[in-house]
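K.L.:
no sequence for this one, just the structure:
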């Protein structure tokens, strides 16, 4: 790797930034919406910079996705107008590039990049279809069932021109959607066929994506037109409360599935059970334990301790064993020995959450559920939860499943903004974002605030000051991107994948326009531990290293900083936020 | 509270005390009475099942006990006595054996049972620790501090995985045996298991160990997995545990017991049996299925209140009688009365609740009897099958016959006919056995008498025949006739020639015919259609509906349906599909809209395009773009949460499709 990268670095040094090069190459054919420039996730840029060869850097300019193989072995000149010269290409070249679909996709993408208009796109697509049909002759038209361009046999390209001319160009309705009423498995294969994915290369301007604040503001404003219907649906489920309590009483456990958050429904059931039991056993207090399976960082120990709190007498609570199994044994034996008048109701929200999937947890929970004095009511959200339990566990769980589709939003279960960011691979902002940090800082002493200010300022300064360092310290770039980077590189070298070449260029371009300076997250990442310490001492923020560490720990706990080792093994402290946010923080702190 | 990890529930709103219980009205008002009836009915049934199931492995448990006792007596310190249970693939039955074993042993507390499994510990230390803990803290409960001190008293503090603790404990309590049951030998790491065995072998002189291994595969496999040293430490004996199919049959017999008040119908029973055989589930789940059938019958059917024989007419509200009069079977019955001009009793039934109550009581017991008779007839058919086919293995199970009979598919079926035919062909010794077997069943008296008569005649016939010892043959058996082919004018003529049969044989054939005719008549008479019985809706429970959904749910289908056709659940006026087919509409919930767009797209989805499409679907509604985006984000997040999409690194701003609808 280092060897390969070297030329790039040299180039970097010569020209001001790598991005600039790219931009010059690309300027002519790309006029992207300026909005893109503002926000392209900077994590991605590092991927680009990581691309090994100089040649690639130049080629990235071209948004058309094309196979790596071609890129490596053909001259750039040829490539650039390849799309247009299909007809004149040497027979071998034509034969080698035999995928009509790939060709069409390429042209299509090029066009869509140029002008983003769906109407025009349609027209162009039709033209393209015509062209292809013209060219490919019978092979295409025979095999095609009208929906899509089919990969023609290689031989078809060698058809004589006369023959090709002879065929009347067919103009058929080409719909992007599959033929209606395909059986599910056919649909699967249809959508997974090679080259079946013709997606545009549009990107979602990030200003459209909302941050937490805006998201909550808007979602709270939103009034669901189905509110009444959702309520009615919940009422329907509530009618089954008596049935559920009967089923629990008979030693079964209940598992609720279906779309929508079942939290509210289940909480109402808990209340129902509470009053029912309070009514029957007037003296003892009903014991209902709630577990929110979706809360991050939930461990089996949390559950067991809460359960132990409900079961064991107060005195013995203090000295619970350390091992979860031991706690469980203790609880269960105690419960068997002194059964309470009414069974304990254990409610677990989102039992299929990844928190509760790891090895010992399901079997422990199943053991809890199998106890005759504990009734379990659990909700599951994913459609494939059935795969979580084998026969042994199922035997212990004794499930009765009920469809409890509620259509209620997963309000507590989901952090929508985080979730979408993770889905789209956008820079993952830490929970709480900038405001979260501000909130934490507010509760910290003056010294801590000062330290954080220094750290942020240093990080920004470093980012601004040393662009030349990027290449060298690329490895200790943020984890995700470095991973993705090498992944993609490896993949690119093995598979001549079409898309890859084009994409990173697009991602990089906006930032290139935006500033010559690299943005914060892509920087050599953070401030050296020593440097920061000395700065802090110099500013009288702290007097000893111990002191310094204590302050840092607080930041660590709130995930406001991360510590990483760079290639040389020196520890670096990083505030994992974007440049804009860092600047905002600095302003607030100053 | 929703962001707390876990907590003990306290209701947020303090409800006024009076609102706690609202008296239910209508048919549901009888729920409490039905609940009691259910408990009574199910308790009886459960006892029967338990008795049946505990008897199934009774002999095995006995053998095991004697084995362990002998081992405890002999007290040899050469090898660990080991009982190896071969269970076949279903290890769950083994657990019940162990449970029974430990239960019978509880009385004389000279033996400790410890059950460990592969999940108990991943290394020797953890295993030993768990074993010692389980053995020593058996009765002490929480306050095990004293125990600690007793151990410490003897000198240096011992580590908690030191077997010396166990040895001391054994000496102190004068235990005769420490039996270690290993539930899943296959799941153990073979080195670990060998190590454990060897180590325990070393302690055998101080602690009287015994092993109980469960083997799902075979003994050879176990032997191969263990080290030579470990095998030397063991002195094994193999025990067989009844296979799970037997268990199911036994449980079934207990459930379809003739004294039951509620019968489980053929559809439901076959569903439960099928589920049982499709996924080798433990017998518990089968019993659970039966229990659930009882529960739903009593909970869902208000008329089940009449099943309780102790109920009085005054305790039943008028609603129930009204419901009774609306039953299909009752209406048919009334029509029958009307056709027979029995106006007065009909009037009484329609007007007076008391007379109806009497009829219900009588009819329910009559229906129960009829079904019990069906069971007996099933038994007869089964006996015939057993003798006709020779070996037990090939005979279909009784539960299958039951399902056929209850679905009224047995009377006059080809199965019965062929059975009777083969009986007709039987030689005298086989016929004799069949007769005896049939008479062994609790058949009605008159049939029994006639059978006895035939049997007597048959015995005489056999005794009186000239050459004693030879069996009488039936004319109907083709073996006793020969086919003769003659060529006449170039045509092959086939003629059947009865081989010479003695006069006794002819008489025997006639007798056999009498027997089979008798049986046929009996079967046709007894194997009635249960659905033709009056009030069968009450005592015959055969609804698949709640059973199937509660035991074999289709969660994925439910979610897909909710998203693809939200109207099915929401039943709102705005999203009603125009012509049957579900379509996209702006009024649908955002996730549903997005899901349907998702269904249309390929395996990679461009989020930007998805957003545009989403916006296009929502149209120019009153929402702002930001609000639409908020909805879009939420829908997208939900789709990810449900596992329908995942992020992809293939292209920027793309997501990958994970689930295809209907697959």
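P.N.:
Thanks, I have it. All values reported here derive from a predicted model rather than from experimental measurement.
K.L.:
quick one, what contacts the nearest residue to residue B:544 once chain neighbours are set aside?
P.N.:
Of all residues beyond its chain neighbours, the one nearest residue B:544 is residue B:267 (5.4 Å), with distances taken as CB to CB, 6 or more residues apart in numbering or on different chains. All C-beta spots, glycine's among them, are computed from the backbone N, C-alpha and C. Residue B:267 is in contact with B:407, B:542, B:544, counting by CB atoms under 8 Å, 6 or more residues apart in numbering or on different chains.
K.L.:
where along the stretch 451-590 of chain A do the strands fall?
P.N.:
All strands of the stretch 451-590 of chain A, identified by DSSP state E, counting those that start in this stretch, fall at A:527-528, A:562-565, A:571-574.
K.L.:
no wait, chain A
P.N.:
For chain A, strands defined by DSSP state E occupy the ranges A:253-257, A:288-292, A:344-349, A:374-379, A:399-403, A:527-528, A:562-565, A:571-574.
K.L.:
what do you get for chain B?
P.N.:
Counting by DSSP E, the strands of chain B are B:6-8, B:80-86, B:111-116, B:177-182, B:209-215, B:234-240, B:263-264, B:481-488, B:491-498, B:540-541, B:604-606, B:645-647, B:654-657.
K.L.:
Between strand B:177-182 and the second one, find me the angle.
P.N.:
Same thing as strand B:80-86. 40 degrees (axes from the mean of the first three to the mean of the last three CA atoms, to 10 degrees).
K.L.:
neighbours around residue A:239, how many?
P.N.:
Residue A:239 has 8 neighbouring residues, counting by other CB atoms under 10 Å in any protein chain shown.
K.L.:
what sits against residue A:252?
P.N.:
A:398, A:399, A:400, B:288, B:292.
K.L.:
for residue A:229, that is, sorry about that
P.N.:
Residue A:229 sits in contact with A:407, B:570, B:571, B:572, where contact means CB under 8 Å, 6+ apart.
K.L.:
any idea how far the second one lies from chain A?
P.N.:
The reference is to residue B:570. According to CB to the nearest CB, to the nearest Å, residue B:570 and chain A sit 4 Å apart.
K.L.:
Excluding residues flanking it in the chain, which one is nearest residue B:560?
P.N.:
Using CB to CB, 6+ apart, the closest residue to residue B:560 is residue B:661 (5.0 Å).
K.L.:
Next, count neighbours for residue 425.
P.N.:
Just going to use chain A. 20.
K.L.:
try chain B instead
P.N.:
19.
K.L.:
How about residue A:275?
P.N.:
17.
K.L.:
where's it relative to residue A:544, distance?
P.N.:
Residue A:275 sits 58 Å away from residue A:544, going by CB to CB, to the nearest Å.
K.L.:
What parts of the stretch 201-350 of chain B come near chain A?
P.N.:
B:279, B:280, B:281, B:282, B:284, B:285, B:288, B:291, B:292, B:295, B:299 (CB under 8 Å from any CB of the partner chain).
K.L.:
and the residues you listed, which are buried?
P.N.:
Buried by 16 or more other CB atoms under 10 Å in any protein chain shown: B:281, B:282, B:284, B:285, B:288, B:291, B:292, B:295, B:299, out of these.
K.L.:
Hmm, residue A:393 and the second one touching each other?
P.N.:
No - here residue B:282 lies out of contact with residue A:393, judged by CB atoms under 8 Å, at a distance of 11.3 Å.
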